[in-house]
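3D, please:
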Amino acid sequence: MTKYEAMREAIEVRINEMDEDDIITAWNDNEVGEHIYYIDDFDDLFCDYSPQGIAELASDCGWESWYDYFTYDGEIQQSNCIEDLVDLDDLVEYVMDEEDDLGDEEIRKALDGDVEYDEDDEEEE
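Have a look, this model is predicted:
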């Protein structure tokens, strides 16, 4: 395993260990992809819509109020599983490309190269 691969793997492992709120915050704060909303944000997000407009949006997506999260980009996508709405590989790529540790010590260590890897693999490249 090269140093880059070890760094990437360490970051991926750490992101997978993060709780959902931290993943959502990292995703939204860094604009990695479509903004993730909590179901409790629905009223605020759509307060300027007419009742008919909200009904149309809800019927188009099969709205269910028991979902925890949703995205909205003209269409609503809902899920209880954050991995349905967040591409964790995109978040890992963001961290690697921007060298942004998301405020996490373990990710910072990985970005700084503090990972175990096979130095022989480095020489082969």
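
surely Thr101 meets Tyr94?
Just so we're on the same page, residue 101 is Asp rather than Thr. No - under the criterion of C-beta atoms under 8 Å, Asp101 is not in contact with Tyr94, lying 11.3 Å apart. Where C-beta positions appear, they are placed from N, C-alpha and C, glycine not excepted.

Met1 reaches Val115, doesn't it?
No - between Met1 and Val115 there is no contact under C-beta under 8 Å: 9.1 Å.

ok, Gly53 - contacts?
For Gly53, the contacting residues are Phe46, taking C-beta atoms under 8 Å, 6 or more residues apart in numbering as the criterion.

where's the helix or strand containing it relative to the chain centroid, distance-wise?
Using DSSP states H and E, Gly53 falls within helix 51-61. A distance of 26 Å separates the C-alpha centroid of helix 51-61 from that of its chain, computed with C-alpha atoms, centre = their mean, to the nearest Å.

First residue to last residue on stretch 94-106, what's the distance there?
As for stretch 94-106, its first-to-last residue distance stands at 16 Å under the measure C-alpha to C-alpha, to the nearest Å.
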